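> here are the coordinates; sequence isn't available:
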């Protein structure tokens, strides 16, 4: 085991931090991650990252990457999330949509999509959940029916982030009783309707996508027909630790403690103990997500490490949110305040990337090998 | 960064596994735990008590060994022996060690069996030889032998070390012992609930039970990795945080393991007590989770006016201790 960073890796982290300081205004880095997914700032920033070779450094050279290690990408992800995720929705492109296309895409799809993702000028959304198929994704009903060289897609996806500005959707559909297929669908295709679903999340906008007789060429299908599960399972294990929430939560914790210290507030020993608990949870989440990065670094499947890592990330975000809300008390009710943002993002943490309870189910089955649930 | 075991670590763990098979720790008779001197000697002969002197890789190997020995119920203070032995008694690492805080009269683990007593003060830790009969055994059922012992006169110390070094190694050792016992307790409960049937099905098939076990599994993995990283970097805040997390988890695991195991778990024949009662004892050592947290907070945030009682609850603080400890 080796818990240290190489000189190159440490330097890389410093370089990214310096780049963020130079390129981003403080009011951007202070945002709750995901708060500003579409703006020109975000698109410009991704372009600059791409120019430096930092948008998809972990991708193979032939697809616009520089073949950097999974660890370099882990460092990049942490620094991005800590700075309010200035890549906006494009974090998904580089984390798992692009890699899924690299793994399962046709040459034509690779040509069409990878160059643009690696340049940082395209927005995607993911069409996964349905009203009757949230955690139970296998119950999805949105169908893709083959008609000659095309498919006709009908159904509805909900709670979809980033959809109103997305150019493409990474769409899961049912193509047979037990088979799922993935389509890379241009959002401009006739028959797709996008509506905002009003929520209490304010900053984080989610949508309903309706597909009515949407005709797409068979060439838009990613991988073989009915082979979508294996692609999406792999992609989701990246997604589970793709948002290093612990990196941001740790900063929020430090900031709130500093605010209180600067005000001369005297925390009691119980509050300091909770601060240590929250910090330890962040550190544990970092280490357990590194277990997943490790499998990427060695070209193996992450397996149940991904569920343990995700559960630890959710715990860390919640531990920090619980504490800062208690510490700032009524001040945390003020819209846009640091504790308001942390509280709301912690609510999303337990659902995005698969619900916390699903992670626990999977840990029971694949980590602890408990008898099949009832 | 590499979180997989390397070849040398795998070899070391295989060697340990053979050693533990040859010196299989017996579950101590309830309330009659005593030092397993034979195991201690075998570990010293195998080089396991000198690993912590061998840089980050050595400390990680020491941590892995502490975990496995504690999980196997080795009846020694393996944390202190493996993390402190190479500091305080490098020539004879098999000499049994006990650690206490200056000015505190609380029962000390293995004090009656120890040959060396480490007394942790505000700025330095003193090492004393312990004469037989010097410690007064306490009656306890919490997994280890405990005794009260007074710190000998300072001028009889045979050596002294900076307090921060001894403190963080003590915390590292404790964290490792607790993660090992956590793993032992969880493995027991998972195995039991995977075969125990009620309401015509295995108890471990109920989602309400599965989620609780999964939560414990995440906690164990978190504690184990915090301890391993802290062993690698040997930094005070990391050691304190690892000890805090493990102590907090130890308390929860002790209660959860018994709750989930039902009345059967209380029986001596079940043997669950061998881990849970040790977990409870370890969770309290040095002042327990609140104390480890106070040390960690002082290190990380340097709270103004924080007086973290390291020794006697008086005016000495760990923060002060760090400031006055010679480099």
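Perfect, thanks for sending it. Quick caveat, the model's predicted, so the values are computed rather than measured.
> what residues of the worst-scoring helix or strand of chain A on mean pLDDT count as buried?
Least confident helix or strand, chain A: helix A:26-29 with a mean of 74, by mean pLDDT, DSSP states H and E. Using 16 or more other C-beta atoms under 10 Å in any protein chain shown as the test for burial, helix A:26-29 gives A:28, A:29. No exception for glycine: its C-beta is placed from N, CA and C like everyone else's.
> give me the nearest residue to residue A:226, chain neighbours excluded.
Leaving aside its sequence neighbours, residue A:226 sits nearest to residue A:179 (C-beta to C-beta, 6 or more residues apart in numbering or on different chains; 2.7 Å).
> who's in contact with the least confident helix or strand of chain A?
Outside helix A:26-29, the residues that touch it by C-beta atoms under 8 Å, 6 or more residues apart in numbering or on different chains are A:20, A:36, A:41, A:83, A:84, A:86.
> which bits of the stretch 151-300 of chain B sit near chain A?
B:190, B:193-194, B:201-202, B:204-207, B:210-211, B:213-215, B:217-218, B:221-223, B:225-226, B:228-229, B:232-233, B:240-242, B:244-245, B:248, B:289-290, B:292-294, B:296-297, B:300 (C-beta under 8 Å from any C-beta of the partner chain).
> number of nearby residues for residue 302?
If you meant another chain, say so; for now it's chain A. Look at residue A:302: counted by other C-beta atoms under 10 Å in any protein chain shown, it has 22 neighbours.
> think we crossed wires, I meant chain B
10.
> and the pLDDT at the nearest residue to residue B:185 once chain neighbours are set aside?
Leaving out its chain neighbours, the residue that sits closest to residue B:185 by C-beta to C-beta, 6+ apart is residue B:275, at 3.9 Å. According to the prediction, residue B:275 has pLDDT 96.
> residue B:275 contacts residue B:73, doesn't it?
Yes - Residue B:275 is in contact with residue B:73 according to C-beta atoms under 8 Å; the separation is 7.2 Å.
> now do the shared contacts for these two.
With C-beta under 8 Å, 6+ apart, residue B:275 and residue B:73 have common neighbours residue B:184.
> which parts of the stretch 1-150 of chain B sit against chain A?
So far as C-beta under 8 Å from any C-beta goes, the stretch 1-150 of chain B lies against chain A at B:1, B:2, B:3, B:4, B:5, B:6, B:9, B:56, B:57, B:60.
> which of these fall in helices?
B:9, B:56, B:57, B:60 (DSSP state H).
> by neighbour count, which of these wins?
residue B:60 leads those on contacts (other C-beta under 10 Å) with 26 neighbours.
> what's the spacing between that residue and residue A:44?
Distance of residue B:60 to residue A:44, given as C-beta to C-beta, to the nearest Å: 44 Å.
> now residue B:187
Counting by C-beta to C-beta - residue B:187 and residue A:44 are separated by 53 Å.
> just the helices in the chain please.
Picking chain A for this. A:7-23, A:26-29, A:40-51, A:70-82, A:90-92, A:98-104, A:107-109, A:115-119, A:228-242, A:245-262, A:269-297, A:305-328, A:338-349, A:356-366.
> not what I meant, chain B
Using DSSP H, helices in chain B cover B:7-22, B:37-45, B:55-71, B:78-88, B:163-195, B:207-233, B:236-261, B:273-284, B:288-300, B:318-324.
> what packs against the first one?
Applying 3 or more C-beta pairs under 8 Å, 6 or more residues apart in numbering or on different chains; DSSP states H and E, one finds that helix B:7-22 contacts helix B:37-45, helix B:55-71.
> the shortest one to helix B:7-22, inter-axis angle?
What that stands for is helix B:37-45. 160 degrees (axes from the mean of the first three to the mean of the last three C-alpha atoms, to 10 degrees).
> that older thread, buried deepest among the helices and strands packed on helix B:7-22, which one?
helix B:55-71 (a mean of 24; mean count of other C-beta atoms under 10 Å in any protein chain shown).
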